[in-house]
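In: just coords:
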């Protein structure tokens with residue numbers, strides 16, 4: 001009776017757009033990455049709403065794995081991780097100093113890039129677990145002279161828990177001499193730390209590409225992002241022996257049907273004109289939701305009719321709507337459309353859509369709006 005009353009007071013809302021995240025594939029990717037670096041820990045990177053997959057949802061899935069720590073960018077992301085992930089949280093991004101007061105120190109570790117942040121965190125004493133970030137050659141941020149940093153901050157380093165040393169590779173997905181240079185600089189920084197009496201537990205330099213390319217037994221952790229979600233960080237020719245499983249699929253529903261005569265246009269600026277009489281179906285998914293305008297008149301999506309068929313985007317992608325040419329196919333309002341497939345060979349896979357846009361898969365994933373409902377599917381009980 002109580003559930004019935006709740007349904008009346010708060011009826012279930014069926015969304016027109018939704019994302020399905022396959023838990024079995026997320027778990028398989030985690031275990032696969034771990035198999036490449038058996039002596040190190042895998043710290044999945046969950047920043048940018050878990051690369052569009054949903055921070056809350058991916059945290060819940062990771063509780064079914066052996067993951068000890070997840071990586072987020074900021075305190076707002078950490079708040080979600082605290083609630084839904086059972087392990088530790090590494091905040092990778094720089095934050096306003098006042099924000100450190102709100103973090104749960106018992107569960108949190110912080111990446112530190114400069115003296116100012118170190119000195120501020122020292123007021124928390126040994127409760128503050130930090131990872132010093134070395135500028136090994138990417139030159140965006142970090143400590144360039146680790147010896148001078150130690151000499152200038154001995155009294156502050158004595159007050160905190162130095163649990164990690166880290167950096168970031170700029171060209172790990174390519175055969176660049178910079179990779180060797182960065183690794184050498186990083187290892188020299190580790191030697192300097194150890195000679196000064198500091199022995200951090202977590203030594204991490206590697207991103208997704210480095211999981212597959214780096215054979216450095218001194219590294220005790222890796223921070224994969226893209227590969228954790230099932231996408232190779234390498235070009236196609238370098239991905240042949242990598243077995244990852246994309247975990248995300250995106251769906252919408254047809255909300256409008258229009259008949260067009262030959263030479264009639266649709267959407268803004270008349271960039272599409274019908275070559276002959278045809279039909280147009282509209283879906284409530286535009287560039288606000290995460291469908292880039294560069295896919296206008298290019299992308300094809302799978303209409304999940306009784307007999308599924310491909311429909312090309314007709315005209316410009318709009319803010320909250322996109323039009324599809326469906327020809328003479330019989331469809332109804334409410335028919336689902338698959339916008340992103342988790343099969344890499346499909347024309348609406350993330351990789352193929354990114355190629356159409358002339359960009360990288362990261363950009364498509366992180367632009368999927370956080371307010372799109374995510375559903376976890378194939379979630380193991382244990």
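Out: Happy to help now that I have it. All of these numbers come straight from a predicted model, not from anything done at the bench. Residues are numbered from 1 along each chain as shown.

In: now the residue nearest the centre of the chain: how far from residue 348?
Out: For the chain, the residue lying nearest the average C-alpha position, counting by CA atoms, centre = their mean, turns out to be residue 51 (1.8 Å). To residue 348, residue 51 is 18 Å away according to CB to CB, to the nearest Å. From N, CA and C alone the C-beta is placed, and that goes for glycine too.

In: please pull out the lowest mean pLDDT helix or strand from this structure.
Out: When the helices and strands of the chain are compared on mean pLDDT, DSSP states H and E, helix 2-9 comes out lowest with a mean of 61.

In: contacting residues around whichever helix or strand comes after that one?
Out: Toward the C-terminal end, the helix or strand that comes next after helix 2-9 (DSSP states H and E) is strand 18-22. Counting by CB atoms under 8 Å, 6 or more residues apart in numbering, strand 18-22 makes contact with 52-54, 57-58, 61, 245, 247-251, 342, 368, 372-378, all of which sit outside it.

In: got a quick PyMOL command for the buried subset of these?
Out: Selecting in PyMOL just the buried members of these, where the criterion is 16 or more other CB atoms under 10 Å, is done with this command:
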select buried, resi 52+53+54+57+58+61+245+247+248+249+250+251+342+368+372+374+376
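
In: out of the contacts of strand 18-22, which are inside strands?
Out: Using DSSP state E, the subset of those located in strands is 248, 249, 250, 251, 373, 374, 375, 376, 377.

In: state the distance from the third one to residue 149.
Out: Spatial separation of residue 250 from residue 149 under the definition CB to CB is 45 Å.

In: I figured residue 59 hits residue 80, correct?
Out: Yes: the pair residue 59 and residue 80 passes the contact test of CB atoms under 8 Å, sitting 6.9 Å apart.

In: more neighbours: these two, which one.
Out: Counting neighbours by other CB atoms under 10 Å for residue 59 and for residue 80 shows that residue 59 has the greater number, 24 against 19.

In: who's in contact with residue 381?
Out: When the contact criterion is CB under 8 Å, 6+ apart, residue 381 has no partners at all.

In: could you chop this structure up by domain?
Out: If you go by automatic domain parsing, the domain ranges for the chain are 23-228, 248-341.

In: where does the prediction get shaky in the stretch 251-382 of the chain?
Out: With pLDDT under 70 as the threshold, the stretch 251-382 of the chain has low-confidence stretches at 382.

In: among the domains of the chain, which is nearest residue 354?
Out: With CB to CB as the criterion, residue 354 lies closest to domain 248-341 of the domains of the chain, at 9.4 Å.
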